[in-house]
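> Could you look at this predicted model? Sequence included:
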Amino acid sequence: MKILGVGNAIVDVICKVEDKFIIQNNLTKSTMKLVDEVEFQKLLSCLKIEETVSGGSVANSMVGLSQLGNKVGFIGKVSDDDLGNKYEEGLKKENVQFFYSKKKEAIPTGTCLILITPDSERTMVTFLGTAGKINESDIDKNAVKKSEILFLEGYLWDEGEPKKAFEKAINNSNKVAMSLSDLFCVERHKPHFLELVKNKLDITFANEQEIISLISAKNFDDVVNFSKKINKLIVITRGEKGALAVNKNEVVECTAKNKLKIKDLTGAGDLFAGGFLHGLVNNKSTKESLEIGTEMSSKVIQIIGARLN
């Protein structure tokens, strides 16, 4: 198997909203907020659902990789309920092998409200459900060992059982990549994420905001210098400024696509990472890998949702 993803198995519920909905509900645009089931249902009751789809950051990347012809798998925790069954079916339909045997859990399958404002930005409200209860017994050690690259998401990292699951996966991997996921995650887990980036990960994916926050950089030059110093592959997306990868002393840049009809930024980072990893495992150059990531990202932001059809 080329790549195995481990992440939050979340069903995405996509809704269009006006900016005032974000303000009225004390949400911060373009970030993710964790809520309990009661608050989640309260918000959902006010909204019109556009689409429901199997989601989760790394799962989206795995689907993109599968669509590019790679053999991939995914580990994420769902309950044996209606949403859990739909989640598994969604992955199977996309030829992503699901390395998790679901059972009836006390907590339902996780759900994420993706709120799209008129500027195409997405704000997420997540009820983690059973996804947030992943533990080390849920990690299929053989599946990890048989994959060329293990891909993790920062969203999954948390103290206690999820951390143990993370560590088991990393300790059995051949090569490990991780997405920092969200500014909220970085600020919540900064010392731990910094330790991972410096000492445990081979590849780190981040956007400009996330990496600047992680190292408390004064400017982007600080980010490049930090990336060179730690001697790892750091891949950074910069919106309209494009993307770049720092691999030891080599800095490779890729321009952003322009004149795009942007509808929804959901999945932009997920598909970028999927495209880049596709290049990497298929022996493409760093420049080519950045270009594939940019191409995938450009396609997904012109449709609603985080999956290409």
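Okay, I see it.
> Next, the contact list for the residue nearest the centre of the chain, please.
Closest to where the C-alpha atoms of the chain average out (C-alpha atoms, centre = their mean) is S57, at 2.8 Å. By C-beta atoms under 8 Å, 6 or more residues apart in numbering, the residues touching S57 are 7-8, 153, 155, 179, 181, 269-270. C-betas here are computed from N, CA, C, even on glycine.
> possible to save those residues as CSV with neighbour count and pLDDT?
Output for these, formatted as CSV (neighbours: other C-beta atoms under 10 Å; pLDDT from 0 to 100):
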residue, neighbour count, pLDDT
G7, 28, 95
N8, 26, 92
E153, 27, 95
Y155, 27, 89
S179, 27, 97
S181, 27, 91
G269, 25, 85
D270, 29, 91
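> Could you report the separation of the residue nearest to the centre of the chain from N142?
24 Å (C-beta to C-beta, to the nearest Å).
> Would you mind measuring from the nearest residue to V6 once chain neighbours are set aside to L152?
Spatially, and ignoring its direct neighbours in sequence, V6 is nearest to I75 (4.7 Å; C-beta to C-beta, 6 or more residues apart in numbering). The gap separating I75 from L152 is 10 Å, by C-beta to C-beta.
> what do the two both touch?
Joint contacts of I75 and L152 (C-beta under 8 Å, 6+ apart) are 5-7, 169.
> Name the residues of stretch 276-295 that come out as buried.
Using 16 or more other C-beta atoms under 10 Å as the test for burial, stretch 276-295 gives 276-281, 286, 288-294.
> Show me the strands in the protein, by range?
3-6, 10-16, 32-34, 49-55, 72-75, 96-98, 110-116, 122-127, 149-153, 176-179, 203-207, 233-237, 243-247, 250-254 (DSSP state E).
> Just say which of the ones you listed is most tucked in.
strand 3-6 (a mean of 29; mean count of other C-beta atoms under 10 Å).
> quick one: low-confidence parts of the stretch 101-250 of the chain?
Counting by pLDDT under 70, the stretch 101-250 of the chain contains no low-confidence residues.
> how about CSV for the contacts of S57, with distance to S137 added?
Below are the contacts of S57 laid out as CSV (distance: C-beta to C-beta, whole Å):
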residue, distance to S137
G7, 17
N8, 17
E153, 20
Y155, 20
S179, 24
S181, 24
G269, 30
D270, 27
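> Tell me the one among those nearest to N25.
Y155 (20.7 Å; C-beta to C-beta).
> So the closest one is in contact with V6, correct?
No. Y155 lies out of contact with V6 (C-beta atoms under 8 Å); the separation is 10.9 Å.
> returning to what we had before: which of the buried residues of stretch 276-295 sit farthest apart?
Once C-beta to C-beta is applied, the buried residues of stretch 276-295 give V281 and T294 as the farthest pair, at 17.5 Å.
> What segments of the stretch 51-200 of the chain are helices?
57-67, 82-93, 141-146, 161-171, 183-188, 190-195 (DSSP state H, counting those that start in this stretch).
> List the contacts of H192.
Counted by C-beta under 8 Å, 6+ apart, H192 has contacts W157.
> roughly how far apart are K104 and L113?
According to C-beta to C-beta, K104 and L113 sit 24 Å apart.
> ditto for S179
Taking C-beta to C-beta, one finds S179 at 20 Å from L113.
> do the same with I215
In terms of C-beta to C-beta, I215 sits 31 Å off from L113.
> do R122 as well
For R122 relative to L113 (C-beta to C-beta), the value is 10 Å.
> For the closest residue to K103 other than its chain neighbours, give me its contacts.
The shortest distance from K103 to any residue other than its chain neighbours is 5.4 Å, reached at D80 (C-beta to C-beta, 6+ apart). Residues counted as contacts of D80 (C-beta under 8 Å, 6+ apart) are 102-105.
> quick one: which of these has the most company?
In terms of neighbour count, K102 stands highest of the contacts of D80 at 19 neighbours, by other C-beta atoms under 10 Å.
> pLDDT score assigned to the nearest residue to that one once chain neighbours are set aside?
Closest residue in space to K102, ignoring its immediate chain neighbours: D80 at 4.7 Å, by C-beta to C-beta, 6+ apart. Per-residue confidence (pLDDT) for D80: 95.
> Now D80: phi and psi?
D80 adopts backbone torsions of phi -80, psi 70, taken as degrees, to the nearest 10.
> before we move on, what about E121?
The phi/psi pair for E121 (degrees, to the nearest 10) is phi -70, psi 150.
> my read: it touches T28, true?
No. Contact criterion C-beta under 8 Å: E121 and T28 do not qualify, at 10.9 Å.
> ok, those two, which is more surrounded?
E121 (17 against 12).
> Now the more buried one: closest residue in space that isn't a chain neighbour?
E121 sits nearest to S30 (C-beta to C-beta, 6+ apart), 5.0 Å away.
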